[in-house]
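Participant: make a model of this:
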Amino acid sequence: MPVSFPPALELSLDLLRCPTCRTRRLNPGLGALRCAVGHTFDIARHGYASLLPGTRATSGDDAAMVRARDRFLSTGTYAPIREAAARLAADAASERATVVDVGCGTGHYLAGVLDQLPGARGLGLDTSVRALRSAARAHDRAAAVAWDVFRPFPLAGGTADVVLDVFAPRNPAEFHRVLRPTGRLVVVRPTGRHLAELRGRVPAMVTIDPAKEQRLHRALDPFFEAVVTEQVEYSASLAERDALDLVAMTPSARHVSRADLNDDGRLPDQVTVSVLATAYRPR
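Facilitator: Numbering: from 1, shown residues only. Have a look, this model is predicted:
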């Protein structure tokens with residue numbers, strides 16, 4: 001049975017380019033996108049389009065990680081982070097903006113931006129099948145596409161008003177290429193204090209490289225200059241289920257065993273949430 005064409009994806013068709021040809025536009029077909037010479041890319045029944053040539057979307061974000069992320073984000077514990085990202089995006093864009101979320105995950109942060117921009121459209125890129133299933137229904141104006149951030153994006157140049165990158169890998173050259181000259185890149189990343197109490201109790205969790213901030217600036221500096229940075233830092237209370245989900249939704253899930261979490265009193269009931277959110281303008 002043919003997959004119906006997702007309305008949000010139709011909103012973003014003019015942005016998309018064939019990842020094989022690199023320049024040809026993609027047109028809707030029955031359950032697929034096609035370019036003029038016949039390269040075809042499936043639309044999953046869950047509503048996202050897979051533009052990865054010859055491969056399926058895959059990543060370490062498996063079903064358990066995505067379920068944990070959905071549960072944790074639904075608690076509102078990270079709401080101030082979502083609000084900061086949305087505020088920086090909305091301050092720099094019109095209500096009819098085009099927002100591209102790179103490493104969009106479940107689409108939680110993209111949906112927050114679109115809520116602040118009533119006429120805007122969004123496009124999320126990610127490699128995780130499970131996350132894309134959620135991203136495709138995160139907002140009625142947000143489309144979802146399977147793509148690898150480290151490859152040249154299947155997008156026309158100079159078409160995005162905002163590129164959003166929240167706790168995600170970065171490709172500065174491609175960010176710069178797809179942004180309009182007046183656009184903004186919004187990057188959210190953890191500080192060394194982020195979840196310090198949890199990391200102290202669960203040594204197997206991935207640590208935050210103290211040189212992370214310097215590496216970010218070196219990578220972005222040839223392409224962007226910072227306009228404004230907001231620090232979002234607060235103490236958050238955690239139920240045990242929330243703490244378990246917080247570990248399980250991150251890359252640390254690959255390194256932490258159940259034995260690391262089973263000792264009574266191992267997980268803290270309060271953590272420090274600490275991130276930096278910066279809006280950059282293209283050079």
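
Participant: find the centremost residue of the protein, please.
Facilitator: Centroid-nearest residue in the chain, with Cα atoms, centre = their mean: Cys104, separated by 2.1 Å.

Participant: hang on, isn't that one packed against Leu125?
Facilitator: Yes: here Cys104 reaches Leu125: they are 6.1 Å apart, a contact under Cβ atoms under 8 Å. (Each C-beta comes from the backbone N, C-alpha and C, glycine too.)

Participant: the residue lying closest to Thr20 once chain neighbours are set aside: neighbour count?
Facilitator: Spatial nearest neighbour of Thr20, chain neighbours left out: His39 (4.6 Å); criterion: Cβ to Cβ, 6 or more residues apart in numbering. His39: 16 surrounding residues under other Cβ atoms under 10 Å.

Participant: next, His39: phi, psi?
Facilitator: The phi and psi values for His39, taken as degrees, to the nearest 10, are phi -70, psi 130.

Participant: residue contacts, it?
Facilitator: Applying Cβ atoms under 8 Å, 6 or more residues apart in numbering to His39 gives the contacts Cys18, Thr20, Cys21, Arg24, Pro53.

Participant: which helix or strand contains the second one?
Facilitator: Counting by DSSP states H and E, there is no helix or strand that carries Thr20.

Participant: show me what contacts it?
Facilitator: Thr20 makes contact with Cys35, His39, Pro53, according to Cβ under 8 Å, 6+ apart.

Participant: stretch 218-231: end-to-end distance?
Facilitator: Stretch 218-231 has an end-to-end distance of 20 Å (Cα to Cα, to the nearest Å).

Participant: which SSE is immediately downstream of the lowest-mean-pLDDT helix or strand in the chain?
Facilitator: Lowest by mean pLDDT, DSSP states H and E among the helices and strands of the chain is helix 258-261, with a mean of 63. Sequence-wise, the next helix or strand downstream of helix 258-261 (DSSP H and E) is strand 270-282.

Participant: in its sheet, what does that next one sit against?
Facilitator: strand 179-190 (antiparallel), strand 224-237 (antiparallel) (DSSP bridges).

Participant: Ala63: which of these is closest?
Facilitator: Ala63 sits nearest to strand 179-190 of all those, at 24.4 Å, using Cβ to Cβ.

Participant: would you mark the buried spots in that closest one?
Facilitator: Neighbour counts over strand 179-190 (16 or more other Cβ atoms under 10 Å) mark Leu179, Arg180, Gly183, Arg184, Leu185, Val186, Val187, Val188, Arg189, Pro190 as buried.
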